[in-house]
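S.K.: Below is the structure, and that's it, no one-letter string:
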């Protein structure tokens with residue numbers, strides 16, 4: 001019985017600490033980076049449908065945008081992967 005009460009007390013203390021520590025507000029005073037896109041870089045024909053693909057980027061991300069969605073990767077990640085596979089020369 002003592003173990004159960006000790007466990008419940010520990011849970012209550014933990015919940016109280018989380019409540020106290022999480023009282024701070026999150027502020028976002030930073031403006032978002034511009035999202036710059038190119039002209040259509042590729043058009044794929046699938047039956048009678050035409051699927052256009054755009055290349056978009058921010059300061060640290062490179063993205064592919066289509067009518068079906070968007071896919072982004074960090075620019076540094078691409079360089080590290082290519083450099084690790086021997087496709088790019090080391091810095």
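M.R.: Alright, I've got the coordinates. Remember, it's a predicted structure, so these values are computed and weren't measured experimentally.

S.K.: Report how many residues lie close to residue 4.
M.R.: Residues near residue 4, counting by other CB atoms under 10 Å, number 8. No exception for glycine: its C-beta is placed from N, CA and C like everyone else's.

S.K.: For it, give me its contacts.
M.R.: Residues in contact with residue 4 (CB atoms under 8 Å, 6 or more residues apart in numbering): none are found.

S.K.: Correct me if wrong, but it is in a strand.
M.R.: No. Per DSSP: H, G, I helix; E, B strand; the rest coil, residue 4 lies outside any strand segment and is helix.

S.K.: distance of it from residue 13?
M.R.: Separation of residue 4 from residue 13 (CB to CB, to the nearest Å): 15 Å.

S.K.: Flag the shaky bits of the chain, pLDDT-wise.
M.R.: 24-28, 78-91 (pLDDT under 70).

S.K.: all strands for it, in order.
M.R.: Under the criterion DSSP state E, strands of the chain are mapped to 36-46, 49-57, 61-66, 69-74.

S.K.: Tell me which of the ones you listed sits most buried.
M.R.: Ranked by mean neighbour count, the strands of the chain are led by strand 61-66 with a mean of 15 (mean count of other CB atoms under 10 Å).

S.K.: just the angle between it and strand 49-57, please?
M.R.: 170 degrees (axes from the mean of the first three to the mean of the last three CA atoms, to 10 degrees).

S.K.: List the contacts of strand 61-66.
M.R.: The contact list for strand 61-66, computed with CB under 8 Å, 6+ apart, reads 35, 37, 51-57, 70-75, 78.
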